[in-house]
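Enquirer: what follows is a predicted protein model with its sequence.
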Amino acid sequence: MSVLRQSAAAEWRRRVVAEYNSAAITHSLVGWLLQLGASPTLLHEGVRIIDDELVHAEMAFAVVSETGAAGGQVELGGLGLTLEPGLSLLENVCVQGVRTFCLGETVAVRLFKRLREGATVPAAKSALDRVLIDEVRHRDFGWLLLEWLSQRPEWDALKQLIEARLPSWFAGLRASYAPEGEREEFEPELRAWGLMPLDEYRLALHETLERDYEPRFEEYGINARAAF
């Protein structure tokens, strides 16, 4: 198998793990929301997301297979969420829900849009077509959750918690998608497999800050630009 196909297989295996992890995180979050008596709308959407992520994992496996790589098992372990000591159940929902969905799934929409634009390998294009459609709903779930949180009597404390954590969450996003000064050798042919260079990850993150994070958080009196 060529080096290019090996790179594509490695990236799509990583995405399989990421999809399983997203399903596990959402499963934990839905359980917490059940305990808090959250709205049926939130709960139904959360359950639907779990199924979406498993479909995404299945499609990612199909891309790995199309590279010619052996199937095999992907190493999984330690998935899902545990309650952070010192925080209430509601505060844990706030921390994990905002970080995962308002931040992670919102930037994912713009990332997958860019990844899909260059994909021509059938399995990769099909997977990215499906993922992009679903990520829009996953993003919307995050902001629906934030709206629900803002209507709670504990909102003032929850808002302070978000503002305190937001700089570190953004730092984590930059480390994952836009590490400063890091360069890479990127083969243009990898675009066909739904991959793209780091520079485009950086652009997508900054685009998300301007077009999504700033105006959406501003509705709740939170300054995303200052936190970034």
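Expert: Received, thanks.
Enquirer: tell me the buried residues in the strand or helix carrying Arg48?
Expert: If you go by DSSP states H and E, Arg48 is part of helix 40-66. Buried residues in helix 40-66, defined by neighbour count with 16 or more other CB atoms under 10 Å: 42, 45-46, 49-50, 52-53, 56-57, 59-61, 63-64, 66. C-beta here means a position set from N, CA and C on the backbone, and glycine is covered the same way.
Enquirer: quick one, longest helix in this protein?
Expert: Secondary structure of the chain per DSSP state H: the longest helix is helix 3-35.
Enquirer: quick one: list the elements packing against that one.
Expert: The contact analysis (3 or more CB pairs under 8 Å, 6 or more residues apart in numbering; DSSP states H and E) places helix 3-35 against helix 40-66, helix 89-97.
Enquirer: I'd like the average pLDDT over it.
Expert: Mean pLDDT, computed over helix 3-35, is 96.
Enquirer: flag every buried residue along it.
Expert: So, applying 16+ other CB under 10 Å, buried residues of helix 3-35: 5, 7-9, 11-13, 15-17, 19-30, 32-33.
Enquirer: what of stretch 106-114?
Expert: Quick answer for stretch 106-114 (16+ other CB under 10 Å): Thr106, Val107, Ala108, Val109, Arg110, Leu111, Phe112, Arg114.
Enquirer: ditto for stretch 212-228
Expert: Asp212, Tyr213, Glu214, Arg216, Phe217, Tyr220, Ile222, Ala224, Ala227, Phe228.
Enquirer: what do you get for stretch 78-98?
Expert: Buried, per 16+ other CB under 10 Å, within stretch 78-98: Leu81, Leu90, Glu91, Asn92, Val93, Cys94, Val95, Gln96, Gly97, Val98.
Enquirer: would a markdown table of those with pLDDT be doable?
Expert: Converted to a markdown table, the buried residues of stretch 78-98 look like this (pLDDT from 0 to 100):
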| residue | pLDDT |
| --- | --- |
| Leu81 | 94 |
| Leu90 | 98 |
| Glu91 | 98 |
| Asn92 | 98 |
| Val93 | 98 |
| Cys94 | 98 |
| Val95 | 98 |
| Gln96 | 98 |
| Gly97 | 98 |
| Val98 | 98 |
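Enquirer: I'd guessed Arg202 sits against Tyr177; true?
Expert: Yes: because the distance of 6.9 Å satisfies CB atoms under 8 Å, Arg202 is recorded as touching Tyr177.
Enquirer: compare those two (neighbour count), which wins?
Expert: Tyr177 (19 against 16; other CB atoms under 10 Å).
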